[in-house]
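Chemist: Have a look; sequence and predicted model below, questions after that.
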Amino acid sequence: MPGGRLTQQERQQIALGLADDLAYAEIARRLDRPTSTITREVMRNGGPAAYRSDLAHRATERRAHRRRQAAPRGPETPPQANGRDAEAVREYEETFTTLLMQSGLPKMTSRVLVSLYTTDAGSLTATELVQHLQVSPASVSKAVTLLEGQGLIRRERDERRRERYLVDDDVWYQGMITAARSHAQLAETARQGVSLLGPDTPAAARLEGIARFVDFVGESMIRASEQAREVLYTSPGATSDGAAEQGSDRG
């Protein structure tokens, strides 16, 4: 399987494949490339409907040029944390970003979330996000607002009174609970339509089916989230201590 960056000829083949409504996996097979490479290439260059090979190639060259200009040169280049390969980390971030975009998040929102996931501290300031992503403060602010609204990140102020954006174990729980509440609101709205359209009409039956489905899904999400938080985020030490205390009571 060939490595390295996509060539202009390969991008032309991708464009032809998209025009023929080929799946990403089939395009990847024809080019002998990983499917993730094709998916990432298309999603970061306008998506399947707007992809153009010439524009994608020029955009890639511009990004590479900006990275070369921004990268420190010579012996002063700082080592990567924990011996990480900077290029491999960047490629991973792009792959993760593409996955989140496919789930429905906007591109910049996905990039911000991935940046937070992949930093060891689990938190970054707006300035750090701007520097890392090489984007405007307004772009970061918009993405952060969307993520916070979905319960995927939270804010706090550090000892220097700077606002930091965080992802932690509880953020996933809160995000799932927020999604479950959204399901509950959808079910309630659907049932309002049942009353309005009449309980014996086909439209009302359809809306009732929607309400029952999302009710079930929402309740299942809440139960699963509660169980996951209890099982995954309970300290082993606390469990051991509790078992020891129970054992001592029996003695």
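Modeler: On my side now, so go ahead. Numbering: from 1, shown residues only.

Chemist: Low-confidence ranges, the chain, go.
Modeler: Residue ranges of the chain with pLDDT under 70: 1-4, 63-82, 234-251.

Chemist: try 80 this time
Modeler: Scanning the chain for pLDDT under 80 picks out the ranges 1-4, 44, 60-84, 87, 102-103, 168-172, 174-175, 199, 233-251.

Chemist: For it, which segments count as strands?
Modeler: 123-125, 154-157, 163-166 (DSSP state E).

Chemist: do you know how far the most centrally placed residue in the chain is from Glu156?
Modeler: Centroid-nearest residue in the chain: Leu100, 3.6 Å away (criterion: Cα atoms, centre = their mean). Computed with Cβ to Cβ, to the nearest Å, the distance linking Leu100 and Glu156 is 23 Å. Where you see a C-beta, it was placed from the backbone N, CA and C, and this is true even at glycine.

Chemist: and if you look at Leu146?
Modeler: Distance of Leu146 to Glu156, given as Cβ to Cβ: 18 Å.

Chemist: what do you get for Leu55?
Modeler: Here the criterion is Cβ to Cβ. By it, Leu55 lies 41 Å from Glu156.

Chemist: Of the two, which one has the most company?
Modeler: Leu55 (14 against 10; other Cβ atoms under 10 Å).

Chemist: one step back: okay, the strands of the chain in TSV with distance to Ala203 next?
Modeler: Converted to TSV, those look like this (distance: least, Cβ to Cβ, whole Å):
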stretch	distance to Ala203
strand 123-125	48
strand 154-157	41
strand 163-166	43
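
Chemist: Go through those and name the closest to Ala228.
Modeler: Ala228 lies closest to strand 154-157 among these, at 18.5 Å (Cβ to Cβ).

Chemist: could you say what helices and strands that closest one packs with?
Modeler: Counting contacts by 3 or more Cβ pairs under 8 Å, 6 or more residues apart in numbering; DSSP states H and E, strand 154-157 packs against strand 163-166.

Chemist: so what secondary structure elements neighbour the strand it packs on?
Modeler: The helices and strands touching strand 163-166, judged by 3+ Cβ pairs under 8 Å, 6+ apart, are helix 107-118, strand 123-125, helix 126-133, helix 137-149, strand 154-157.
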